[in-house]
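# Sharing a sequence plus its predicted fold:
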Amino acid sequence: MSVKVQHLTKTYGPQKAVNDVSFEAKQGEVLGFLGPNGAGKSTTMKILTCFIPQTEGKAEVCGFDVANDPMEVRRRIGYLPEHNPLYKDMYVREYLGFVARLHKVPNVERRVGEMVELTGLGREQHKLISSLSKGYRQRVGLAQAMLHDPEVLILDEPTSGLDPNQLVEIRSVIKQLGKEKTVIFSTHIMQEVTALCDRVLIINKGKIVANDTIGHLQSRIGGELVVTVEFQQHVAAGKLQQIRHVKRTESLGGNRWHIVADANKDIRGDIFRFSVDNQLTLLEMHKEVVSVEDVFTELTK
């Protein structure tokens with residue numbers, strides 16, 4: 001495992017910011033780290049990147065303990081914190097070259113050029129960082145995190161401040177990196193979770209409340225299958241109740257209905273046959289899916 005966390009706890013006086021957290025992340029995986037503000041996400045990330053020590057528990061990155069081998073851990077991690085700290089009086093390419101030399105990256109100019117191209121900084125590379133928009137500063141932060149080709153990338157709100165076009169580009173970069181590296185990133189944008197994550201970790205009040213794939217979490221929270229249908233003709237509720245496996249029906253007005261069954265009973269075929277047998281015109285039929293927002297809200301409310 002690239003990242004292994006066991007019973008991690010961080011206390012500030014009487015408050016437990018992180019409370020007995022355990023999880024693993026392997027190479028070639030994009031792990032979404034979700035939670036409300038103040039849940040403990042950034043604290044956990046700061047422990048993994050050796051910025052602050054844990055109070056209890058153990059964390060390893062690529063086999064190195066964050067408390068006992070912090071320099072080895074730092075060599076293997078690329079980190080973009082939530083509040084992206086940059087030297088704003090330096091030029092973009094100058095700054096990336098400075099960071100590359102700190103990491104003792106061979107062939108600095110070539111590597112900086114690769115990161116400039118990968119993060120779309122070509123037109124901005126000779127500008128002062130202080131003159132860049134927030135979105136381009138995020139790109140500079142992402143570029144510096146990847147300069148030394150780390151095995152693990154930890155990104156705290158990496159797409160904050162990006163415009164829609166930049167979002168698409170940076171998501172593509174993260175998805176590509178996730179094929180060969182371990183990527184742990186936090187976000188409040190649920191579409192990113194669906195688009196990028198192989199697995200999600202949800203933390204609330206310092207505790208892990210979910211650690212699973214999105215599909216499994218949606219099934220776990222849903223519990224029921226809801227199918228929205230619309231007929232051209234009027235149909236009585238009692239008639240719809242005759243469809244096999246239907247638990248209940250809910251009128252949406254007009255000839256539109258929610259037809260509800262257990263989650264493991266896909267009744268769409270039965271609804272279609274019911275329509276044919278009763279000479280009804282079916283104008284609409286689709287399965288309602290529990291959204292990532294619904295999962296997040298249910299587990300953190």
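Done, it's in. Values in this document were obtained by computation on a predicted structure and should not be read as measured data.
# Low-confidence regions, the stretch 201-301 of the chain specifically.
Applying pLDDT under 70 to the stretch 201-301 of the chain picks out residues 219-223.
# so where do the helices sit in it?
Under the criterion DSSP state H, counting those that start in this stretch, the stretch 201-301 of the chain carries helices at the ranges 214-222, 237-240, 268-277, 292-300.
# who's in contact with the spatially most central residue of the chain?
The centroid of the chain falls nearest to Gly32 when counting by CA atoms, centre = their mean (3.1 Å). Counting by CB atoms under 8 Å, 6 or more residues apart in numbering, Gly32 makes contact with 185-187, 192-193, 196-197, 199-201. C-beta coordinates here come from the backbone N, C-alpha and C atoms, glycine included.
# Closest to Thr55 out of these?
Among these, Leu201 lies closest to Thr55 (CB to CB), at 20.1 Å.
# Next one: that closest one from Thr228, what distance?
According to CB to CB, to the nearest Å, Leu201 and Thr228 sit 32 Å apart.
# Isn't Leu196 up against Leu177?
No: contact criterion CB atoms under 8 Å: Leu196 and Leu177 do not qualify, at 10.3 Å.
# mind listing the strands for the stretch 51-200 of the chain?
56-61, 64-65, 77-80, 152-156, 182-186, 199-204 (DSSP state E, counting those that start in this stretch).
# Save those as a markdown table, and put in distance to Arg244 and mean neighbour count too.
Converted to a markdown table, the strands of the stretch 51-200 of the chain look like this (distance: least, CB to CB, whole Å; neighbours: other CB atoms under 10 Å):
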| stretch | distance to Arg244 | mean neighbour count |
| --- | --- | --- |
| strand 56-61 | 51 | 20 |
| strand 64-65 | 57 | 16 |
| strand 77-80 | 52 | 23 |
| strand 152-156 | 48 | 24 |
| strand 182-186 | 44 | 25 |
| strand 199-204 | 34 | 22 |
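# Minimum distance to Pro36: which of the ones you listed has it?
strand 199-204 (6.5 Å).
# Partner strands of that closest one and their direction?
strand 29-34 (parallel), strand 207-212 (antiparallel) (DSSP bridges).
# got a list of contacts for that strand?
Applying CB under 8 Å, 6+ apart, the contact partners of strand 199-204 are 21, 23, 29-36, 39-41, 44, 193, 208-214, 217, 292, 295-296, 299-300.
# Hey, what's the angle from it to helix 292-300? Just curious.
Here strand 199-204 runs at an angle of 40 degrees relative to helix 292-300 (axes from the mean of the first three to the mean of the last three CA atoms, to 10 degrees).
# How many residues are close by Thr44?
By other CB atoms under 10 Å, 28 other residues sit near Thr44.
# In three-state terms, label the closest residue to it other than its chain neighbours for me.
Nearest residue to Thr44, sequence neighbours excluded (CB to CB, 6 or more residues apart in numbering): Val18, at 5.5 Å. When classified by DSSP: H, G, I helix; E, B strand; the rest coil, Val18 comes out as strand.
# and Lys4, what helix or strand is that in?
Lys4 is located in strand 3-12, with elements delineated by DSSP states H and E.
# picking up where we left off before, of the contacts of Gly32, which is the nearest to Asn278?
Distance to Asn278 across the contacts of Gly32 (CB to CB) is lowest for Val193, with 41.1 Å.
# mind checking pLDDT for that closest one?
pLDDT, Val193: 85.
# got the contact list for the nearest residue to Glu250 once chain neighbours are set aside?
In this structure, Glu250 finds its nearest non-sequential neighbour in His258, 4.1 Å apart by CB to CB, 6+ apart. His258 sits next to 226-228, 249-250, 252, 288 when contact means CB under 8 Å, 6+ apart.
# cool, Val295 as well?
Applying CB under 8 Å, 6+ apart, we find Val295 in contact with 202, 210, 214, 217-218, 221.
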